[in-house]
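Q: give me a 3D structure for the following:
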Amino acid sequence: MTHNRPMQRASLASTTRLLVMADPGRVRLRTAATTTLSLVVALVAMLAFTRAANQPVTVAMLGTIVAMQSSAAVKDRLQRDRIVTMGLLFFPAVGAVTLAALLSPLGKIADVGFIVVLFCAVWVRRFGPRGNALGMIAFICYFFSLFLRATPAQIPVLAVAVLVGLSASLAVRLLVFPDRPRVEVRRLLRALRGVSVALLEVATRPDVYDVTVLRRRLDQLGDTALLIDDWLDRHDAAQLLSITNQDLALRVFDAQIALEQLARMLWTLDADEEWPTGLADALTALGTCLRNHPTEGELRAARKSAAAAADRADPSATSGIATVIAYRTVQAHLAIHHITTHALGAVANPAPDPDPDEDDDAQGEGGLNPSTKAAIQVAVATSAATILGELISPDRWYWAVLTAFLVFTGVSTRGEILTKVGHRIVGTIAGVVAGVLLAALVGHDPPLQIILLVVCVFCAFYLVTVAYAWLTFFVTVLLAMLYGLLGDFSIHVLELRIAETAAGGTVGIASAYFVLSTGTRATLVAKVDDYLEQMSELVCAAIDSVLVPGTETDLVAKTRRLDNTLQDVATAAKPLAMGLTSRSRRGVQRLMRGLRASNRSAHALARAGVNAANAESGTAPPEDTAAALRDAAGHVRATIDGVKALVAGTDADPPQTSTDSMVLDVMQSSTIPPGPVRAAVRALNTLERALLEVSTRV
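A: As a prediction, this is how the structure comes out:
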């Protein structure tokens, strides 16, 4: 029994690492737990209120839904802004309840009012997260008031239900799950170490893993680094840790880039040949630094071992270069350990105001704001869904309207809407099957049904960012449990949900394609153009830093903006990567692989610029080397322009492939100094090769 314990501990550590990688910083877990607990608190409070006030249990449903929706919809970056938004939600919620109660007896006029509310709910998205939250709460309150057939006499009671729901959500946010920035950043840094371990495991075993897994691990490393950057946008590290925001961003950037370079080096080594002792020692030291709780003595020993290995390394061999990079990675993670172990005591949570670099008033094609276009599309889709839904079932028409409205939430292009409709239909069908089976197994057992309801809510919000189909699946199962709890369960009702969902999805797709449509491919081309433009600017800034050492630079911030833009490209490409034709899928997948490889080369170039900028006594390279390096950078930028033209379809000729004579000539120059200049040349060369790979496969 004893000999199994090390194996069990290793299995537990592996499972924990996988969970950390799947949810860095426990962001999804926190969101799902907050939403679920808000629902439970509101449900308990509302049941007590309805019994005391002799009100129907349906009133409790409104307060519960308001708690759940407000918890999920309020997404302001700063806690103080979230509190303000939560307070403001009361006014559109009560306004929607009042309007629905007044119009409900008027039949079709109430349906027209619903369309107007839906239009306004989408139109206010132009005001950012707060506008989106206000619109969503107005929509859900109007909808449920119609669903409950509210009367004007019930308005005060329904207003109390709204107040209880919002209070429950706010109490959970402030008392149970308040912002804990120090805890959050430590979890994120732990996640960075976890994904680093997973990346090294793949990079050192090319005989076991394939390159697809390596790319996935590299992407997970970049995503985790971006989450840390998002934390820095919301908090002041100087108030919480022994480091400024800029320095922490630089440490994380250094750790990420060094590990990316190390992984690429290790992947190219022959797995059948025995590695030099120095490289093995450096990797062992790095493994110590990637543990979550090493002692100070272990960290000192790891640093000495990695430094000694780097001193003995042969810089002309790939294994020697890998050893030096491993030592650099050790240094970066040692600095991160120093940050997390020397945090200051708990203080208030001051946070810098985020720079409003998003243009919320940006005009779309035809001079319309994107939110206005979406509002018109939603109005048309929900109008048609109301008519079609009532033809299918006069009692369940609202499911068609819900689908037609929700498929436009968080998306803008035809392809994104088509994908979301597909997810909703698949999730609904699977949820109906699961709901029927679960209802048959559970029977009428209220305590167990309530527990399953809560579990469904948690799973729905925990998995919604993984795939929208999961949210739909668990909501459908939840409805089956709810109908069973109310004694109204039947297979026919769930069959109607499938029909109504399909109807709503169909009119949603039709509206997306025929009413002020936004093309998926055109959006992708625009996103790629923006990304490559930022890459061109990064190349210029990095080369300027290398050629004029010691100057101030914002290369880390530029690199993070480049990473975020690449995420926008990936989002725009996702519907095309799931296209109907294999040729289209493969083309988009190759494009994204090439852009991600180019992005990592841009990271290395930016790091060379950062190192030059941070050099205490940097010497500018000779004029001939500087001129050659500028020529090489100019050629890389011309290649970037060529890729932009190819992606846009405006140039049939691929970029010239004579880059080796432009970039490698600089490296072979006898006057080239070591350090950032050599690193910049290598990065330019790999960036050029990656871009040419993109150009030959677009």
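Q: go ahead and confirm residue 172 touches residue 71.
A: Yes. With contact defined as CB atoms under 8 Å, residue 172 reaches residue 71; the gap is 7.0 Å. To be clear about C-beta, it is placed using only N, CA and C from the backbone, and glycine gets the same treatment.
Q: neighbour count winner among these two?
A: residue 71 (27 against 23; other CB atoms under 10 Å).
Q: nearest spatial neighbour of residue 291, skipping sequence neighbours?
A: Spatially, and ignoring its direct neighbours in sequence, residue 291 is nearest to residue 193 (7.5 Å; CB to CB, 6 or more residues apart in numbering).
Q: ditto for residue 211
A: Counting by CB to CB, 6+ apart, residue 211 lies nearest to residue 267, which is 7.7 Å off, once chain neighbours are set aside.
Q: and the one you found, helix, strand or coil?
A: With DSSP: H, G, I helix; E, B strand; the rest coil as the basis, residue 267 sits in helix.
Q: wait, what's in contact with it?
A: 203, 206, 211, 214 (CB atoms under 8 Å, 6 or more residues apart in numbering).
Q: with just CA atoms, put stretch 598-613 into CSV.
A: Output in CSV follows, covering the C-alpha atoms of stretch 598-613 (Å, rounded to 0.1, in the frame of the first residue of the first chain):
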residue,chain,number,x,y,z
SER,A,598,5.2,34.4,-36.6
ASN,A,599,3.8,35.8,-33.3
ARG,A,600,6.3,33.7,-31.3
SER,A,601,9.2,35.0,-33.5
ALA,A,602,7.9,38.5,-32.9
HIS,A,603,8.1,37.8,-29.2
ALA,A,604,11.8,36.9,-29.5
LEU,A,605,12.5,40.1,-31.5
ALA,A,606,10.7,42.2,-28.9
ARG,A,607,12.7,40.6,-26.2
ALA,A,608,15.9,41.5,-28.0
GLY,A,609,14.7,45.1,-28.0
VAL,A,610,13.8,45.0,-24.3
ASN,A,611,17.2,43.6,-23.4
ALA,A,612,18.9,46.4,-25.3
ALA,A,613,16.6,49.0,-23.7
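Q: tell me how many other residues crowd the nearest residue to residue 310 once chain neighbours are set aside.
A: Using CB to CB, 6+ apart and skipping the chain neighbours, the partner closest in space to residue 310 is residue 327 (3.8 Å). Neighbour count for residue 327, taken as other CB under 10 Å: 26.
Q: summarise which helices and strands the longest helix along the chain is packed against.
A: In the chain, taking DSSP state H as the definition, the longest helix is helix 582-614. Helix 582-614 sits against helix 211-234, helix 245-268, helix 520-547, helix 555-577, helix 676-697, with contacts defined as 3 or more CB pairs under 8 Å, 6 or more residues apart in numbering; DSSP states H and E.
Q: looking at those helices, which has the lowest confidence?
A: Of all these, mean pLDDT reaches its minimum on helix 676-697 (a mean of 82).
Q: can you check what angle separates that one from helix 245-268?
A: Relative orientation of helix 676-697 and helix 245-268, computed by axes from the mean of the first three to the mean of the last three CA atoms, to 10 degrees: 60 degrees.
Q: correct me if wrong: the residue nearest to residue 291 contacts residue 292.
A: Yes. Residue 193 lies in contact with residue 292 (CB under 8 Å); the separation is 6.5 Å.
Q: which of the two has more neighbours?
A: residue 193 (20 against 14).
Q: show me where the stretch 401-550 of the chain has helices.
A: Taking DSSP state H, counting those that start in this stretch as the criterion, the stretch 401-550 of the chain carries its helices at 414-442, 446-463, 468-485, 491-514, 520-547.
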